[in-house]
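Enquirer: I'll drop the sequence and a predicted model, then ask my questions.
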Amino acid sequence: VDFKGSHILSVEQFELGDVESLFAVARRMEVYARRQRVTRVLEGAVLGNLFFEPSTRSRISFGAAFNRLGGAVRDTAGFDVSSIVKGESIYDTSRVISGYVDVLVIRHPREGAVREFAQATNLPVINAGDGPGEHPTQALLDLYTIQRELKKEDLRGLRGLRVAMLGDLKFGRTVHSLTKLLSLLDDVEFRLVSPEELRMPEKVTELARRRGHRVRQTPELADGLAGADVVYVTRVQEERFTDRGTYERFRGAYSINLATVRGLCKPDVVLMHPLPRDSRLGSHELVDDLNRLPNLAIFRQSDNGIPVRMALFALVLGVADRAEQAAREVTWFVPATIGRYDA
Ligand code: ASP
């Protein structure tokens, strides 16, 4: 893709080389993300950060990434505070906001809705999650995390990766995007662990198979975890179930704690989750007794969202080569550990 001016709607837009170039920019953004330097390369630019569905981390992460480039952020959260409740169409909302900002980040509960926003504007639109559809920036930061955690120089080094994904693979958009993105690599083994009713949509598994990967679907935790390099846990997507009883039946279907990891996983397994992890009694996908285990990469993973999203903004707005020119020292207090990836 030519990033400049492009919409980022699905990971299907990317080839491996595009992802490598994005990651090269993201690595250069680390110094700003970790508060070692400040850049103002997007000073004067405004981001419209529109979230029509609950979100904390994605919304703040997109906003903070834009701020760290020196840009300003205008955001909304929820339908109840937006004019959509007054009957405004997506077309009108998109046209109006486009008059105010330079780039749009949209989350919407309906699959395909973000594409409709994009069709109504000539500004770049980034999909921050469209219902059970896709969440492309999450998949990018997930892959960035996998490469870092497994200490590979480049993405080709991930050849032969064995990844277990578990939980709600039907409604979990992050695993849809991640499976498609990982399918750009060579020879991946996907172990998809879910109850029969929450299996990954066939169009996603088909794409992985078509690209020559092994895809194994199983309801058995032990079967999925054995020998996996990465275990990617997801939340049962409560908000997508029309029937409460069905949701209750599946929540907590897979709960991973320290004993599970010690008993069923490789010692150097990387444990990931797009967050939020559901820590309510009866859910507990990833139990708190894992918090001190170095294998638990979930907070390094969410930290990685900043440099990856900064890189995406810088590329889409065509300033990726100029960030260093607009940089200076940090003058405020920053804890000594913050710049360290493994802090
Ligand atoms: N935050 C992620 C998403 O928006 C994962 C989740 O909500 O479970 O898809």
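Expert: Cool, got the structure.
Enquirer: any idea how far the ligand is from the closest residue in space to Gly133 that isn't next to it in sequence?
Expert: Spatial nearest neighbour of Gly133, chain neighbours left out: Glu111 (3.6 Å); criterion: C-beta to C-beta, 6 or more residues apart in numbering. C-beta here means a position set from N, CA and C on the backbone, and glycine is covered the same way. Distance of Glu111 to the ligand, computed by C-beta to the nearest ligand atom, to the nearest Å: 12 Å.
Enquirer: In contact with Glu111, which residues?
Expert: Asp130, Gly131, Pro132, Gly133 (C-beta atoms under 8 Å, 6 or more residues apart in numbering).
Enquirer: The last one in helix, strand or coil?
Expert: State at Gly133, reduced to three classes by DSSP: H, G, I helix; E, B strand; the rest coil: coil.
Enquirer: Flag every residue of the stretch 201-343 of the chain that's near the ligand.
Expert: Residues of the stretch 201-343 of the chain lying near the ligand by C-beta under 6 Å from any ligand atom: Arg235, Pro274, Leu275.
Enquirer: Quick check: Thr56 vs Phe62, distance?
Expert: 11 Å (C-beta to C-beta, to the nearest Å).
Enquirer: Name the residue in the two with the higher neighbour count.
Expert: Higher neighbour count among Thr56 and Phe62: Phe62, with 28 against 11, using other C-beta atoms under 10 Å.
Enquirer: Quick check: Thr174 touching His135?
Expert: Yes: at 4.9 Å, Thr174 counts as touching His135 under the criterion of C-beta atoms under 8 Å.
Enquirer: which residues do these two both contact?
Expert: Common neighbours of Thr174 and His135, counting by C-beta under 8 Å, 6+ apart, are Pro274.
Enquirer: Name all residues that make contact with the most centrally placed residue in the chain.
Expert: Nearest to the mean C-alpha position of the chain, by C-alpha atoms, centre = their mean, lies Gln138 at 0.9 Å. Contact partners of Gln138, counting by C-beta under 8 Å, 6+ apart, are Ser58, Gly129, Arg173, Thr174, Ser177, Leu178, Pro274, Gly305.
Enquirer: now swap in Arg110 and tell me
Expert: Applying C-beta under 8 Å, 6+ apart, we find Arg110 in contact with Asp130, Gly131.
Enquirer: Look up how far Ser279 lies from it.
Expert: With C-beta to C-beta as the criterion, Arg110 and Ser279 are 28 Å apart.
Enquirer: Which stretches in the stretch 1-150 of the chain count as helices?
Expert: 16-33, 57-68, 90-98, 113-119, 136-149 (DSSP state H, counting those that start in this stretch).
Enquirer: The last one to helix 57-68, inter-axis angle?
Expert: For helix 136-149 and helix 57-68, the angle between their directions (axes from the mean of the first three to the mean of the last three C-alpha atoms, to 10 degrees) works out to 80 degrees.
Enquirer: what mean pLDDT does helix 136-149 have?
Expert: Averaging pLDDT along helix 136-149 gives 98.
Enquirer: next one: the shortest one
Expert: If you average the pLDDT over helix 113-119, you get 97.
Enquirer: same for it, what does it pack against?
Expert: helix 90-98, strand 103-108, strand 125-130 (3 or more C-beta pairs under 8 Å, 6 or more residues apart in numbering; DSSP states H and E).
Enquirer: And for the second one?
Expert: Where contact means 3+ C-beta pairs under 8 Å, 6+ apart, helix 57-68 is packed against helix 16-33, strand 46-51, strand 72-77, strand 103-108, strand 125-130, helix 136-149, helix 298-316.
Enquirer: Mind telling me which of these the model trusts least?
Expert: In terms of average pLDDT, strand 72-77 trails the rest of the helices and strands packed on helix 57-68, at a mean of 91.
Enquirer: Please enumerate the strands of the stretch 101-250 of the chain.
Expert: Taking DSSP state E, counting those that start in this stretch to define them, one finds strands in the stretch 101-250 of the chain at 103-108, 125-130, 162-166, 189-193, 214-218, 230-233.
Enquirer: Right, I'll call it a day here.
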